[in-house]
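Participant: structure for the following, please:
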Amino acid sequence: MRMAQNVERDEQIEMREQRIEELEERLGIKLEKADSAEVAALQENLEQIQGENGRLKRVKDRAERNLEDVLAIKQEIHSRVEKLEEDLKQSRAWENSVKSDARQSSADVRNLEATVRVLQAKPRQEREKKSEVEDSVYVGALEAPTRRKMKATQGRVGTKARGRKTTYQPIERR
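Facilitator: Model prediction:
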C-alpha cells in the first residue's frame, strides 16, 4: 500500500516538474530553486523589517501620547488665558470705579473748599460791618448809625454748592 502511494506521489512530482519545464520553455524563464543561504538572508531581512515595524509602532504610540499631552496643555493654557482676560476685565472695571470715586472725591473737596472760603469770608464781612458800625458810633455824635436788620433768604453758597443753604442778606431800614 505504501509502495503504491510512493509511486503515485513520484508520478505527481514528475508531472509537476514537466509542467514547470514546459512553462519555462514557453515563457523563456528559468526558475531556479532558492538555496538555503538566500532563504536565510531573506528571513533575516524579514526579521529586521518586522523589528523596524515594531519600533515604528512604538514611536507612533509615543507620538500619539505626546499629542494628547500637547492638546491637554493647550486646553489648560486656553483656560488660563480666558481666566486672565476675565481678571483683566474685572481689574479695568475696578480701576474705572476707583477713577470715578477719585473724581467724585475731588469734586467734593472742591465744594468743601468753596464752602470754607465762603464761611471764612463771612466773619471778615461781619467784622468789617461791625467796625463800620463802631466807627459810626464813635463818630456818631454827628451822624446817627444806621441799624441793619438781617433777613434769611434761600440761595446758593459758592458756585458748586449742592442743595440749598441759608444766606443772610442785609436789609436797610428806611
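Participant: what's the average pLDDT for whichever helix or strand residue 39 is part of?
Facilitator: Counting by DSSP states H and E, the element that carries residue 39 is helix 36-139. Averaged across helix 36-139, the pLDDT comes to 86.
Participant: which helices and strands sit right next to that helix?
Facilitator: Contact here means 3 or more C-beta pairs under 8 Å, 6 or more residues apart in numbering; DSSP states H and E; on that basis helix 36-139 packs against no helix or strand. The C-beta positions use only the backbone N, C-alpha and C, and glycine is treated the same way.
Participant: over to residue 8. Which of the three states is it?
Facilitator: Put simply, residue 8 is helix when judged by DSSP: H, G, I helix; E, B strand; the rest coil.
Participant: what number of residues lie near residue 115?
Facilitator: Neighbourhood size, residue 115 [other C-beta atoms under 10 Å]: 16.
Participant: any idea how far residue 8 is from it?
Facilitator: Relative to residue 8, residue 115 is positioned 133 Å away (C-beta to C-beta, to the nearest Å).
Participant: show me what contacts residue 103?
Facilitator: Contacts for residue 103 (C-beta atoms under 8 Å, 6 or more residues apart in numbering) come out as none.
Participant: could you measure from it over to residue 109?
Facilitator: Using C-beta to C-beta, which is the criterion applied here, residue 103 is 11 Å from residue 109.
Participant: repeat that for residue 62.
Facilitator: In this view, residue 62 and residue 109 are 68 Å apart by C-beta to C-beta.
Participant: again with residue 8
Facilitator: Distance of residue 8 to residue 109, given as C-beta to C-beta: 124 Å.
Participant: next one: residue 126
Facilitator: Shown here: residue 126 relative to residue 109, a distance of 26 Å by C-beta to C-beta.
Participant: thanks a lot, catch you later.
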